[in-house]
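*Asks:* Need a 3D model of the sequence below.
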Amino acid sequence: MNQVNESLVESLKASLKVTDALICCDLDEVTLTLEASGLPGVMVKLRDATELNFNMLIDVCGVDYADYPDKNQSYKRFAVVYHLLSTDLNHRVRIRAYCEDDEQPAVPSVVDIWPGANWFERETFDLYGIVFDGHPDLRRLLTDYGFVGHPLRKDFPLSGHVEMRYDPIEKRVIYQPVTIEPREVVPRVIREDSYGDV
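*Replies:* Numbering: from 1, shown residues only. Now for the predicted structure:
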């Protein structure tokens, strides 16, 4: 761990009163892992504490750990990951908040702390189905309003559930069951008699 990350880890421990088990430094990035219920209080401290001063939210994304049990430290299926930047102190931190319930994953919204989280949280809701409690306008962002399911979940079928197309007779978009027929793709090898001769 480099000197900047060491000082950041010490500042996080002092300001947030967290243990070593909750902080790790992997690939030169400091990660703070916590439960979803403690997220708003920690985020306010990260923003407002002068020794931390994380004044910019860079990204919010969802993670589905269904097929990666070795990467999952808490054995919960869904997590939301936040990337914060301190432009004044020039350091970054990753916050990983695990959802309490795998069937109906939810975390508190941070839109009131960082208004820029609005569309990030909507995108995560749309693609993973993680609900952000307290979000002012949580609705789909990238998929159609009639879309069934959440396409970045590990259990979502590759072909989807329904397909839509424009029907020129009805002059509207219609939904119908997926009509993709499974097929086996075998590459065809063509060998010429003179192949490789110079």
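*Asks:* Please count neighbours and contacts with C-alpha atoms only from this point.
*Replies:* Noted.
*Asks:* Is the spatially most central residue of the chain within a helix or a strand, and which one?
*Replies:* The C-alpha lying nearest the average C-alpha coordinate of the chain belongs to residue 62 (CA atoms, centre = their mean; 1.8 Å). Assessed by DSSP states H and E, residue 62 sits inside strand 56-64.
*Asks:* Run through who's touching that strand.
*Replies:* Contacts with strand 56-64, where a contact means CA atoms under 8 Å, 6 or more residues apart in numbering, come from 77-87, 114, 116-117, 120-121, 124, 128, 130, 152-154.
*Asks:* picking up where we left off before, could you find the closest non-adjacent residue to the residue nearest to the centre of the chain?
*Replies:* Once flanking residues are discounted, residue 62 sits nearest to residue 80: 4.5 Å by CA to CA, 6 or more residues apart in numbering.
*Asks:* ok, the one you found touching residue 105?
*Replies:* No: using CA atoms under 8 Å, residue 80 is not in contact with residue 105; the gap is 9.8 Å.
*Asks:* Output the below-cut-off pLDDT ranges for this structure.
*Replies:* Residue ranges of the chain with pLDDT under 70: 1, 20-21, 69-74, 179-180, 182-183, 190-191, 195-196, 198.
*Asks:* Can you show me the strands along it?
*Replies:* Counting by DSSP state E, the chain has strands at residues 23-26, 29-35, 56-64, 78-86, 91-98, 106-108, 131-133, 162-167, 172-177.
*Asks:* Same list, these, but as a markdown table with distance to residue 147 please.
*Replies:* Output for the strands of the chain, formatted as a markdown table (distance: least, CA to CA, whole Å):
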| stretch | distance to residue 147 |
| --- | --- |
| strand 23-26 | 37 |
| strand 29-35 | 30 |
| strand 56-64 | 19 |
| strand 78-86 | 21 |
| strand 91-98 | 26 |
| strand 106-108 | 20 |
| strand 131-133 | 16 |
| strand 162-167 | 8 |
| strand 172-177 | 10 |
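*Asks:* Fine by me, thanks again.
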